[in-house]
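Novice: missing the sequence, but the structure's below:
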């Protein structure tokens, strides 16, 4: 795919700017540390709201001036890393110059990549996305994926597809948070009607009963419940897909599936498999829940052999 990143600059300063070069700070300037340092220098306690605002402006100006001095911003597109205290941020310029009248805004290109490789993954997580599988576009913010070696700020990503008629078809949009270098960029495009997920409980069995005597009567105070499940994924697309299935299981659980399965956390199983074009894939699983005194701890135990 082609990737384009833009920034929009709003001029509300009351002044006109001609042939202005725009510099971006991507990351977090640690103003809290700087405000505290300025307050200590002046021998004052924790500043009140009005004085704190003045110190914040002074700290921001000092950080920006220091970053500008060492970053070589005269060259368009130059980048620099500035580390101060616990702060880490990147500063770079937007290519070219712009005239931005007061009260106006302009959009300028900040990122550009051609032939960027990305993965399409379908995720089924009922506890997070609802009952239907959702489609994700996934790539990394690194040089291998032809992106510059700098973080990406918070922003809105819109995805379009070539419709084959010299136009674009809109697929969706998502807000993303600050993306560090080498981190994943994941865009959730929502449910896809051409990929269907179903789950069915096919058998239930209770066993391993534990009894105790109460008032000369034996009562059950522990047992196991074994259930068999079959999850089915149907792919009506003309290409194979990668499907990621996560399911949560509460309590003390023994879990087995003939399909390779791992633990995402102590109560969530995860399996990733491919589904052929215009075909289906079944994911069978056997789940043994331990109840009452039979339960030792809340966790999932993955079994190598069927129980």
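Specialist: Ah, there it is. Quick caveat, the model's predicted, so the values are computed rather than measured.
Novice: Please count neighbours and contacts with C-alpha atoms only from this point.
Specialist: OK.
Novice: any idea where the helices of the stretch 151-300 of the chain begin and end?
Specialist: With DSSP state H, counting those that start in this stretch as the definition, the stretch 151-300 of the chain shows no helices.
Novice: shaky segments in this structure?
Specialist: Regions of the chain meeting the criterion pLDDT under 70 cover residues 27-35, 42, 44-53, 56, 59-61, 63-92, 148-149.
Novice: how many other residues sit next to residue 134?
Specialist: 21 (other CA atoms under 10 Å).
Novice: wait, doesn't it sit right on residue 196?
Specialist: No - using CA atoms under 8 Å, residue 134 makes no contact with residue 196, being 10.0 Å away.
Novice: Please work out how many residues are found near the spatially closest residue to residue 274 that is not a sequence neighbour.
Specialist: Once flanking residues are discounted, residue 274 sits nearest to residue 242: 4.5 Å by CA to CA, 6 or more residues apart in numbering. Neighbours of residue 242 under the rule other CA under 10 Å: 15.
Novice: May I have the beta-bridge partners of residue 242?
Specialist: In this entry, residue 242 is beta-bridged to residue 121, residue 274, by DSSP bridges.
Novice: Am I right that it is in contact with residue 133?
Specialist: No - using CA under 8 Å, residue 242 makes no contact with residue 133, being 11.5 Å away.
Novice: Residues that sit against both of those two, list them.
Specialist: residue 122 (CA atoms under 8 Å, 6 or more residues apart in numbering).
Novice: Tell me the spacing between residue 161 and residue 128.
Specialist: 26 Å (CA to CA, to the nearest Å).
Novice: okay, those two: which has more neighbours?
Specialist: residue 161 (12 against 8).
Novice: end-to-end on stretch 209-218?
Specialist: 11 Å.
Novice: the residue most distant from the middle of this structure, which is it?
Specialist: residue 216 (58.0 Å; CA atoms, centre = their mean).
Novice: Wait, residue 203 touches residue 225, no?
Specialist: No - in this structure, residue 203 is not within contact of residue 225 by CA under 8 Å, at 10.4 Å.
Novice: More neighbours: which of the two?
Specialist: Counted by other CA under 10 Å, residue 203 and residue 225 do not tie: residue 225 has more neighbours, with 16 against 11.
Novice: and that one, what does it touch?
Specialist: Residue 225 neighbours (CA under 8 Å, 6+ apart): 204, 205, 206, 207, 288, 289, 290, 291.
Novice: What's the local residue count around the closest residue to residue 223 other than its chain neighbours?
Specialist: Of all residues not flanking residue 223 in the chain, residue 209 sits nearest, at 4.3 Å (CA to CA, 6+ apart). The number of residues packed near residue 209 is 15, by other CA under 10 Å.
Novice: likewise residue 202?
Specialist: 11.
Novice: if I read this right, it contacts residue 229, doesn't it?
Specialist: Yes - taking CA under 8 Å as the definition, residue 202 is a contact partner of residue 229 at 5.7 Å.
Novice: re the thing from before, can you tell me how far the residue farthest from the centre of the chain is from residue 209?
Specialist: Taken as CA to CA, the span from residue 216 to residue 209 is 18 Å.
Novice: Check residue 156 too.
Specialist: 56 Å.
Novice: Look at residue 26 and tell me its secondary structure.
Specialist: strand (DSSP: H, G, I helix; E, B strand; the rest coil).
Novice: Confirm for me that it is in contact with residue 154.
Specialist: No - Residue 26 is not in contact with residue 154 according to CA under 8 Å; the separation is 9.1 Å.
Novice: ok, these two, which is more surrounded?
Specialist: residue 26 (20 against 13).
Novice: What residues are recorded as beta-bridge partners of the more buried one?
Specialist: Here residue 26, judged by DSSP bridges, has bridge partners residue 90.
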